[in-house]
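Trainee: Need a 3D model of the following:
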Amino acid sequence: MNCSNVMVRAVGLGILAGWLLLTVPQAAWAGPVDDAKAQGEIGERADGLLGAVKPAGVSSDVAQMISRINSERMGKYRDIANQNSTSVQAVQAIAGRKLMDKASAGQYINQGSGWVKK
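Mentor: Numbering: from 1, shown residues only. Next comes the predicted model:
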């Protein structure tokens with residue numbers, strides 16, 4: 001791959017990352033997700049999915065919400081990967097990084113080595 005191809009790919013993934021932040025399915029869940037994040041029940045993971053900070057202590061409603069949102073996100077990630085001839089894992093990594101960056105101070109994130117407060 002030559003330098004111009006690398007640059008085009010990087011720009012494309014940058015545009016993709018910006019688009020992800022605007023389109024990751026969650027709008028209908030914004031209130032409940034924000035509440036669960038503020039209460040420390042859920043957080044953003046490095047793979048672009050939501051996770052339960054303490055799985056044993058999460059209510060069934062919160063567990064179902066996590067499952068539904070993650071299913072919607074994975075569908076969007078697959079679509080984006082197909083449209084950009086890249087892997088789902090690459091899209092997830094970009095989304096995860098952006099979603100963790102976007103998390104508010106005091107919310108939990110998991111960069112792969114356990115949950116920490118941002």
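Trainee: Okay, helices next: where are they in the chain?
Mentor: 3-23, 30-38, 60-83, 88-102 (DSSP state H).
Trainee: Return the distance of the residue lying closest to Q107 once chain neighbours are set aside relative to V91.
Mentor: With sequence-adjacent residues excluded and distances taken as Cβ to Cβ, 6 or more residues apart in numbering, Q107 is closest to K37, at 4.8 Å. C-beta here means a position set from N, CA and C on the backbone, and glycine is covered the same way. Distance of K37 to V91, computed by Cβ to Cβ, to the nearest Å: 22 Å.
Trainee: and what of Y108?
Mentor: For Y108, the distance to V91 - Cβ to Cβ - is 22 Å.
Trainee: repeat for G40
Mentor: Counting by Cβ to Cβ, the gap from G40 to V91 is 27 Å.
Trainee: returning to what we had before: of Y108 and V91, which one has the most company?
Mentor: Per other Cβ atoms under 10 Å, whichever of Y108 and V91 has more neighbours is V91, with 26 against 22.
Trainee: My understanding was that that one contacts D79; is that so?
Mentor: No: counting by Cβ atoms under 8 Å, V91 stays clear of D79, with 9.1 Å between them.
Trainee: tell me, what's touching the two both at once?
Mentor: Common neighbours of V91 and D79 (criterion: Cβ atoms under 8 Å, 6 or more residues apart in numbering): none identified.
Trainee: can you list the weak-confidence ranges in the protein?
Mentor: Counting by pLDDT under 70, the chain contains low-confidence ranges at 1-30.
Trainee: and the nearest residue to V88 once chain neighbours are set aside, what does it touch?
Mentor: Take V88 and drop its neighbours on the chain: the residue closest to it by Cβ to Cβ, 6+ apart is A81, 4.5 Å away. With contact taken as Cβ under 8 Å, 6+ apart, A81 is in contact with S87, V88, A90, V91.
Trainee: List only those of the residues you listed flagged as buried.
Mentor: Buried members of these, scored by 16 or more other Cβ atoms under 10 Å, are V88, V91.
Trainee: Kindly reformat the contacts of A81 as CSV containing distance to D61.
Mentor: Below are the contacts of A81 laid out as CSV (distance: Cβ to Cβ, whole Å):
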residue, distance to D61
S87, 33
V88, 28
A90, 32
V91, 28
